[in-house]
Every structure is written in C-alpha cells, then in structure tokens.
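Visitor: Just need the structure, nothing else, for what follows:
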Amino acid sequence: MAHTDPRLHSLAARRWRIAIWLSVFMLLAYYAFILLVAFDKPLLGVVLTQGLTLGILLGALVIVFAWVLTFIYVGWANGKYDHELAELRR
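Guide: Numbering: from 1, shown residues only. Have a look, this model is predicted:
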C-alpha cells in the first residue's frame, strides 16, 4: 500500500470543509426563501417599486448569492488549492 503525504490529506480535508460550509450557506439562503414563500406570502408581495416586489428581489438575491459563493470557491481553488496541490506534487 502506498504511503500518502499527510499534507495531501490536510489539503483535501480543507477543500471539503470549505465546500461544505459554502453549501450550508447556500442551503440556508435557499430554504429561508422557500420558507418565506410557504409561510409569509403577504411579506413577499410587498411592492417596492412598480413591477418589483420583495419576493422578486429576494429570489434574484438568492441567485446572485449562489454566484457569489461559486466565485468564492473558484477563487480559493484557483488561487490557493491548486497552488498547494502543485507544491505537493513536486
């Protein structure tokens, strides 16, 4: 059985922790929005300006939040993770 570098295990564990935390944040945002849809429709129906309700705004923000979390992960993976993995391969 081949011996694996403990630094590789540490790096992989860090990657999983980051992925799990970002997933948890996304799920919280998504389910909070869904719970609002299910239990407080009048709040989401509040008109902020003509053609824009709070529900539409929050729905769009959930999508933007997903993009932001994706950019955070990609930035970390491309900047730190890939660099550390390349160092371990040397």
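Visitor: helix or strand for Leu48, which one?
Guide: strand 47-49 (DSSP states H and E).
Visitor: quick one: strands adjacent to that strand?
Guide: Next to strand 47-49 in the sheet, as set by DSSP bridges, lie strand 52-53 (antiparallel).
Visitor: Which positions in the next helix-or-strand element following the partner strand come out as buried?
Guide: Next in sequence after strand 52-53, counting helices and strands by DSSP H and E, comes helix 54-76. With burial defined by 16 or more other C-beta atoms under 10 Å, the residues of helix 54-76 counted as buried are 54-55, 58, 65, 69, 73, 76. The way it works is simple: take the backbone N, C-alpha and C, and place the C-beta from them, glycine included.
Visitor: Stretch 37-53 now?
Guide: Leu44.
Visitor: picking that back up, contacts for the strand holding Leu48, please.
Guide: 53-54, 57 (C-beta atoms under 8 Å, 6 or more residues apart in numbering).
Visitor: Model confidence at Arg90, what's the number?
Guide: pLDDT, Arg90: 78.
Visitor: what number of residues lie near it?
Guide: Applying other C-beta atoms under 10 Å, we find 4 residues neighbouring Arg90.
Visitor: Tyr81 now?
Guide: 16.
Visitor: Any idea how many residues pack against the nearest residue to it once chain neighbours are set aside?
Guide: Of all residues not flanking Tyr81 in the chain, Arg15 sits nearest, at 6.0 Å (C-beta to C-beta, 6 or more residues apart in numbering). Arg15 sits with 17 neighbouring residues when counted by other C-beta under 10 Å.
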